[in-house]
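J.: build me a model:
(one chain, ligands or ions: 2)
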Amino acid sequence: MSANDLSQPTSTKEDGLGQLSRSVENAKRIKSVQDKFVNSQSLMKEGRALVGEGILMKVCRKKPKQRAFFLFNDILVYGRVVINGRKYSQQKIIPLNEVQISSPIDSEENPYSWLICSPKKSFIVHANSDRERQEWISHLERCIQHASGGNNAQNNTVAAHWVPDDKADTCMHCRTTKFSTYNRKHHCRNCGFIVCEGCSKKRFLLPHLDSKRVRVCDTCFIKLNMNNMNEPRQNTRDSSDSDGEENHAHYSPVPATFYQNIENF
Ligand SMILES: [Zn+2]
Ligand SMILES: [Zn+2]
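T.: Ligands and ions are numbered 1, 2, ... in the order given. The predicted structure is shown next:
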């Protein structure tokens, strides 16, 4: 599919993904993913294709954690690895039409990484190699295009990526408060910075995150209020955001598998 085709409805068109979605192997693979998840939502859906799967390290608040990712033509599913290749838990599903991804990010501690952003949650993941990252990014881009059917999701509001806890010893706002057992670290829900209690006493309604008002830093509070005077926001439903706190001592690299050749989309 060329970029120009995206202005037309994709549903009427026969493409590689359409073929894949109707294959017996695809149905078996999706059923198998569903069966391996503890408390899985139903993943079987007409027109859905499992495009690829693999293990990625997801950068979390405390430490990077190993997560199994399953890329479909309309959703991204991920979860905690209980037994590699056999059992997963804490299933999360993100509709791809709400997803934005960044270009590659390279840092010493997280090589081969990039950002996955969605309205409720944004996070950094990293792959085993540059090649694997490139494969993930290409397939993600194609699936996002497919899922948004020409309506570019780039205008959606996405959640801020939270700065990991070990990145700051002092408040990133006042630069004075040193964090300790008594001065706990908080995250501004709007900018993702680590801030002290004193600098984040204010709450603000960020409808893409939660129906309740959430913690924001003083700078963001002022900014958001100024924006709000111009454009009223609408309300959305409730959210919950818990990702478990377990750590993985080692990362066993398993190469990602993609069932759809990038040329055949
Ligand atoms: Zn502070
Ligand atoms: Zn902020």
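J.: switch to C-alpha atoms for all contacts and neighbour counts from now on
T.: Will do.
J.: helices of the stretch 51-200 of the chain, start to end?
T.: 130-148 (DSSP state H, counting those that start in this stretch).
J.: now do the contacts for whichever residue of the stretch 51-200 of the chain sits closest to ligand 2.
T.: Across the stretch 51-200 of the chain, the shortest distance to ligand 2 (CA to the ion) belongs to residue 191, at 4.1 Å. Shown in contact with residue 191 (CA atoms under 8 Å, 6 or more residues apart in numbering): 160-162, 216, 220.
J.: spatially, what comes nearest to residue 110 if we skip its sequence neighbours?
T.: Closest residue in space to residue 110, ignoring its immediate chain neighbours: residue 126 at 6.4 Å, by CA to CA, 6 or more residues apart in numbering.
J.: is that neighbour bridged to anything, and to what?
T.: residue 57, residue 113 (DSSP bridges).
J.: ok, now residue 92?
T.: residue 78.
J.: when you give positions from now on, start the count at 57
T.: Sure, I'll start counting at 57 from here, so that last one is residue 148.
J.: quick check: it touching residue 131?
T.: No: if you go by CA atoms under 8 Å, residue 148 and residue 131 don't touch, sitting 10.0 Å apart.
J.: the two: which is more packed in?
T.: residue 131 (23 against 14; other CA atoms under 10 Å).
J.: how about the closest residue in space to residue 229 that isn't next to it in sequence: which residues does it bridge to?
T.: Spatial nearest neighbour of residue 229, chain neighbours left out: residue 251 (5.9 Å); criterion: CA to CA, 6+ apart. Beta-bridge partners for residue 251, by DSSP bridges, are residue 242.
J.: now do residue 314
T.: Counting by DSSP bridges, residue 314 forms beta bridges with residue 108.
J.: so how far is residue 129 from it?
T.: Look at residue 314 and residue 129: by CA to CA, to the nearest Å, they are 12 Å apart.
J.: burial of the residue nearest to residue 166, as a residue count?
T.: Residue 182 has 24 neighbours, counted by other CA under 10 Å.
J.: and if you look at residue 187?
T.: Residue 187 has 11 neighbours, counted by other CA under 10 Å.
J.: now do residue 157
T.: The burial count for residue 157: 18, using other CA under 10 Å.
J.: and the pLDDT at the nearest residue to it once chain neighbours are set aside?
T.: Residue nearest to residue 157 in three dimensions, not counting chain neighbours: residue 172, with 4.7 Å by CA to CA, 6+ apart. The score at residue 172 is 96. That number is its pLDDT.
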